[in-house]
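Trainee: Predicted model and sequence follow; I will ask about them next.
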Amino acid sequence: MSSESWPPPLKEWVARCLGQMTDANRAEAQAELRESIANAFAEKTLWTTDWAGVQLKSLMPKAPPVLNSLKRKMNDIPPMSKKAKKAAAQKRNDANLDFGDQAALNRRAERFQREHDIERQKSMRGQASLQANNQNAHLFNRISRSDSPSAFGTNADDPEADPNVLDWDKYTIVGTNQELFKDYLRLTSEPKPETIRPYSVLQQTLIELKKRWKEKVSYNWICNQFKSLRQDLTVQRIKNEFTVQVYEIHARMALESSDMVEYNQCQATLKNLYDLGIPGKHEEFTAYRILMLLHGRNKSELNLYVGTLTPRQKRDPAVLHALRVQRAISMGNYHALFEMYLNAPNMGAYIMDYFIDRERTRALMTMTKAYRTITVCFIQNELGFETVSDTLKFIETHGSAFFTNPNAPDRDKTVECKSAAPQLAQVYEDKYRKVGIKGAI
């Protein structure tokens, strides 16, 4: 479970918990801390949990001890009057109350002092990070899962360093490699600066890769270079507008080359970057995400995602087009659907290509139930085919090539609906009932 994409509230909560730990409860609290994060990750609630309100049981204040009077035998003490008993009971209650109030005040003062120290440390580290890398608008914050002291180590040069505060920038490196192009290799050990390209070189690399793409170089080579570029950004924890631009460009190239594995990886990372408030083509990729959810038939997630859109996003032409596609599919309005397919903005048609044949089959099933015969020309115009030959190929591959006039010219051929309808239904069940999305995240 990588911590590179953890939400900022989670990281602040972890730092606060570590600041509250003592030598007596450290082992128990760290175990409960890891368990809470692992459970949230498994339930996919890292970004939805209100971490500010989560309290570890091992860090909750213990109840103050109750002072019990020594037990005595009944015959050792003289009988007391009701008035004396009431006065003694009131005295004991006052003593316990005073003790509890004092203990609570002490704990509160200690907690406020710890929180003040943590905020001061975070402020000092944030200023140091900005001075060290003023080119980057956002940096990765990484939390190590290791129990070794290196994850919580202190800086020997900092006399005020708190051993309970994570060193956020401990593993941040700055590359020194000056090569523009470098093959992608999966990391199997800690990255070394001499193998990583610095920010300035990465900017030049992107310019050259865009030139090579216009020159029609192999997509496999371009994809390899972009993965290497993304890796160098990741290990240096660079999260800014340039990072967003890299992922957006790679996602478009992957769409154009029908590489859904890389596209889905880029889309998932872009969502996290947009959530951090980094500017980019947010509306364009919001529209792509809606179309991808339509492709996967994930209605519940689609409804949740659409519900989070702002009025400004819904007014964007690309997002508005995607929402109209959703409406047309849900209502079975295939005439409107294929008109929007032919007029999709940006690269929306590339994603619609993945589910357009499924919707064409559904539309043709509806048409064969409503008509006795349908001409190939009518099918071409209604289902958004570019040529008659494409229309005939679709009809034949979907088992509905039942023509009343098989010897007529292709454009004038007529489909006999009664025979075609059951074949279309069977093909739909076999080919489109289940959806497989490569690289889905």
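Mentor: On my side now, so go ahead.
Trainee: so residue 339 makes contact with residue 384?
Mentor: Yes - look at residue 339 against residue 384 with CB atoms under 8 Å: they come within range, at 7.4 Å. For the C-beta atoms, the positions are set from N, CA and C on the backbone; glycine is no exception.
Trainee: Which of those two has more residues huddled nearby?
Mentor: Applying other CB atoms under 10 Å to residue 339 and residue 384 shows that residue 384 carries more neighbours, namely 22 against 14.
Trainee: which ones are touching the more buried one?
Mentor: 338, 339, 341, 342, 356, 360 (CB atoms under 8 Å, 6 or more residues apart in numbering).
Trainee: Next up, the contacts around the residue lying closest to residue 50 once chain neighbours are set aside.
Mentor: Among residues not flanking residue 50 along the chain, residue 9 sits closest, at 7.8 Å (CB to CB, 6 or more residues apart in numbering). Contact analysis of residue 9 by CB under 8 Å, 6+ apart lists 50, 51, 52.
Trainee: Could you pick out the buried ones from those?
Mentor: For those, a burial check counting by 16 or more other CB atoms under 10 Å picks out residue 51.
Trainee: just curious, which of the contacts of residue 9 is nearest to residue 402?
Mentor: Residue 402 has its nearest neighbour among these in residue 50, at 60.2 Å by CB to CB.
Trainee: re earlier: pipe the contacts of residue 9 into JSON lines and attach pLDDT per row.
Mentor: Conversion of the contacts of residue 9 to JSON lines gives the following (pLDDT from 0 to 100):
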{"residue": "50", "pLDDT": "81"}
{"residue": "51", "pLDDT": "79"}
{"residue": "52", "pLDDT": "80"}
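Trainee: After the helix or strand residue 248 falls within, which helix or strand is next?
Mentor: According to DSSP states H and E, residue 248 maps onto helix 241-256. Moving toward the C-terminus from helix 241-256, the next helix or strand (DSSP H and E) is helix 260-275.
Trainee: elements contacting the next helix or strand after that next one?
Mentor: Downstream of helix 260-275, the next assigned helix or strand under DSSP H and E is helix 282-296. Using 3 or more CB pairs under 8 Å, 6 or more residues apart in numbering; DSSP states H and E, the elements in contact with helix 282-296 are helix 241-256, helix 260-275, helix 299-307, helix 311-315, helix 317-331, helix 348-370.
Trainee: and those helices as JSON lines, adding mean neighbour count, distance to residue 434 and mean pLDDT?
Mentor: Converted to JSON lines, those look like this (neighbours: other CB atoms under 10 Å; distance: least, CB to CB, whole Å; pLDDT from 0 to 100):
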{"stretch": "helix 241-256", "mean neighbour count": "20", "distance to residue 434": "23", "mean pLDDT": "95"}
{"stretch": "helix 260-275", "mean neighbour count": "19", "distance to residue 434": "16", "mean pLDDT": "93"}
{"stretch": "helix 299-307", "mean neighbour count": "12", "distance to residue 434": "15", "mean pLDDT": "90"}
{"stretch": "helix 311-315", "mean neighbour count": "11", "distance to residue 434": "31", "mean pLDDT": "92"}
{"stretch": "helix 317-331", "mean neighbour count": "18", "distance to residue 434": "17", "mean pLDDT": "94"}
{"stretch": "helix 348-370", "mean neighbour count": "19", "distance to residue 434": "11", "mean pLDDT": "93"}
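Trainee: Tabulate those (a markdown table), appending distance to residue 13.
Mentor: What follows is these, written out as a markdown table (distance: least, CB to CB, whole Å):
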| stretch | distance to residue 13 |
| --- | --- |
| helix 241-256 | 25 |
| helix 260-275 | 17 |
| helix 299-307 | 24 |
| helix 311-315 | 29 |
| helix 317-331 | 33 |
| helix 348-370 | 37 |
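Trainee: and residue 194, which of those is closest to it?
Mentor: With CB to CB as the measure, helix 241-256 is the member of these nearest residue 194 (22.0 Å).
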